[in-house]
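Enquirer: Sequence first, predicted coordinates after that:
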Amino acid sequence: MHTDSGFLTILQDDEGVGGLEVMNKSGDFVPVDPWPGTLLVNLGDMATVRLKPLFLGIFLGVWSNGRFCNVKHRVQCKDANTRVSIASFLLGPEEILEPLPELVDDDHPRVFVPTTYEDYRKLRFSTKLHAGEALALLHTPSS
Ligand SMILES: O=C(O)CCC(=O)C(=O)O
Ligand SMILES: [Fe+2]
């Protein structure tokens, strides 16, 4: 079980062999059955960010102050068959990520200290916290 560390993942899953499961709000894993002709998009740890359209489909990622959620997922082997999935990871920009000013106010105080994707990736790796728990280490003292 893990979350993806980056912003967002686009998955072309095997159209014949399932196995991907995502965790719902109750903590139960629900299967994502293969859906031919579709791509699956899930949000990673950096997707506690807001994606703000810049132009022509290019997106700028900034912290959403915790308003979007990363998704825990896993792949179960349910079929003694070869399974092919192609994942494209949109990781994170090199710059320091800050929340949009309009997402921070008295009712929504800043949740995370500013960080870069690379620093967060190193933190996640060194702590071996692969299911989004490392985000808690970035919480501001007041959150
Ligand atoms: O193979 C899949 O369906 C998911 C792969 C995945 O979760 C990952 O590469 O991070
Ligand atoms: Fe994943």
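Expert: All right, it came through fine. Ligands and ions are numbered 1, 2, ... in the order given.
Enquirer: Check the gap between D119 and M1 for me.
Expert: Separation of D119 from M1 (CB to CB, to the nearest Å) stands at 24 Å. Heads up, the C-betas are built off the backbone N, CA and C, glycines and all.
Enquirer: So between the two, which is more surrounded?
Expert: Using other CB atoms under 10 Å as the criterion, D119 and M1 rank with D119 on top: 14 against 11.
Enquirer: you'd agree that one is in a helix?
Expert: Yes - counting by DSSP: H, G, I helix; E, B strand; the rest coil, D119 falls inside a helix.
Enquirer: Show the contacting residues for the closest residue to V41 other than its chain neighbours.
Expert: The shortest distance from V41 to any non-neighbouring residue, by CB to CB, 6 or more residues apart in numbering, is to I10 (5.5 Å). By CB atoms under 8 Å, 6 or more residues apart in numbering, the residues touching I10 are L39, L40, V41, A87, S88, L90.
Enquirer: Next, I10: secondary structure please.
Expert: strand.
Enquirer: That one pairs with what?
Expert: Beta bridges link I10 to V41, S88, judged by DSSP bridges.
Enquirer: Do a quick rundown of the helices in this structure.
Expert: Assigned helices in the chain, in chain order: 117-127 (criterion: DSSP state H).
Enquirer: List, one by one, the residues from it near ligand 1.
Expert: Taking CB under 6 Å from any ligand atom as the criterion, the chain approaches ligand 1 at residues D4, L11, D13, L20, H73, V75, S85, A87.
Enquirer: Farthest pair within these?
Expert: Maximum pairwise distance among the residues of the chain next to ligand 1 (CB to CB): 14.1 Å, between D4 and D13.
Enquirer: residues contacting the residue nearest to D33 when sequence neighbours are not counted?
Expert: Excluding the flanking residues, the one nearest D33 by CB to CB, 6+ apart is G18, at 5.5 Å. By CB under 8 Å, 6+ apart, G18 lies in contact with P31, V32, D33, P34, K78, D79.
Enquirer: Among the residues you listed, the buried ones, what's the ChimeraX command?
Expert: Only the buried entries of the contacts of G18 go into this ChimeraX selection, using 16 or more other CB atoms under 10 Å:
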select :32,34
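Enquirer: In JSON lines, list the contacts of G18 along with pLDDT.
Expert: Converted to JSON lines, the contacts of G18 look like this (pLDDT from 0 to 100):
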{"residue": "P31", "pLDDT": "95"}
{"residue": "V32", "pLDDT": "93"}
{"residue": "D33", "pLDDT": "90"}
{"residue": "P34", "pLDDT": "87"}
{"residue": "K78", "pLDDT": "81"}
{"residue": "D79", "pLDDT": "78"}
